[in-house]
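Chemist: need a 3D model of the following:
(one chain, ligands or ions: 1)
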Amino acid sequence: MARRPLVAGNWKMNGLKSSIGELEKIVAGARSLRDTDVMICPPATLIESFAAAASGSAVTIGGQDCHAQAEGAYTGEISAEMLRDAGARAVIVGHSERRQYHCETNEVVRAKLLAALRADLLAILCVGETRAERDGGRTHEVVDSQLDGSLPDGTKNVVIAYEPIWAIGSGETPTASDVGAMHGFIRELLAVKCGQAAAEIRILYGGSVKPSNAKELLAVDNVDGALVGGASLKAEDFLAIAGVYG
Ligand code: PEP
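Modeler: Numbers count the residues shown, from 1 in each chain. All right, here's what the predicted structure looks like:
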């Protein structure tokens, strides 16, 4: 089963209106990529203008988080429907920075994922272990419980991002063989939860992906693309990563 690779950039809390030039370079560079889906997830303030600038191109725009409810008295929050209305076609849920700084549990992440599907957004669900959990030999257990708790059974319109937390922004990455083992494990878990549809679900690797290591990491079995943080802020670096698949 051939899964079309996805390379998505998470800009986190970076970017102003003046950053549109970087997106325009990404849009221009992505024109030559025939076999890769390319996505940028800017801060919510830039979704509308970025979606307009990327309209008709191969680049889609996503949000970085959403609330579980469609509307209501939730000051400061943004719903999946609002993201869609602004031009987003996807949203990241359960990023480790949301789990850590906003105390998001698997239950909360699951509700957000369901909200994304309700609003017809592709949900990118992040899972991954801390350094302490890895050192304690608990990586499989942690990822299993995150997937079990936050991914509803039978879900199809979802992408999984395996992001070992200790690799995010640190410059460190697992070895290609560790990445292959984890992605294979996640594929098995997906088969239990989603049956045959598991073969169609893309599993991205995330954590310090750079132009210098992208080729090796993205060639690993069951790695169907990347979720890129820091290196997605510069069009040249991001395009070098997205260009690995052509
Ligand atoms: C991320 O935060 O999703 C991420 C992968 O960050 P970085 O690429 O900077 O490690």
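Chemist: packing partners of the helix or strand containing Ala181?
Modeler: Element membership of Ala181, judged by DSSP states H and E, is helix 176-194. Counting by 3 or more CB pairs under 8 Å, 6 or more residues apart in numbering; DSSP states H and E, the packing neighbours recorded for helix 176-194 are helix 139-150, strand 158-162, strand 203-206, helix 211-218. For every residue, glycine as well, the C-beta is placed using N, CA and C.
Chemist: so for the nearest residue to Glu216 once chain neighbours are set aside, what's the pLDDT?
Modeler: Sequence neighbours aside, Ala176 is the residue nearest to Glu216 in space, at 5.4 Å (criterion: CB to CB, 6 or more residues apart in numbering). pLDDT recorded at Ala176 is 97.
Chemist: contact partners for whichever residue of the chain sits closest to the ligand?
Modeler: Closest contact between the chain and the ligand, by CB to the nearest ligand atom, is at Gly229 (2.1 Å). Gly229 makes contact with 9-10, 12, 168-169, 206, according to CB atoms under 8 Å, 6 or more residues apart in numbering.
Chemist: same check on Ala240?
Modeler: Contacts of Ala240 (CB under 8 Å, 6+ apart): 211, 214.
Chemist: element containing it, please.
Modeler: Using DSSP H and E, Ala240 falls in helix 235-242.
Chemist: follow-up on the earlier one: reformat the helices and strands packed on helix 176-194 as TSV; add mean neighbour count and distance to Glu97.
Modeler: Putting the helices and strands packed on helix 176-194 into TSV (neighbours: other CB atoms under 10 Å; distance: least, CB to CB, whole Å) gives the following:
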stretch	mean neighbour count	distance to Glu97
helix 139-150	18	15
strand 158-162	24	13
strand 203-206	26	12
helix 211-218	17	21
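Chemist: can you redo these as a markdown table with distance to Arg84 and mean pLDDT?
Modeler: Putting the helices and strands packed on helix 176-194 into a markdown table (distance: least, CB to CB, whole Å; pLDDT from 0 to 100) gives the following:
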| stretch | distance to Arg84 | mean pLDDT |
| --- | --- | --- |
| helix 139-150 | 21 | 97 |
| strand 158-162 | 16 | 98 |
| strand 203-206 | 21 | 98 |
| helix 211-218 | 29 | 98 |
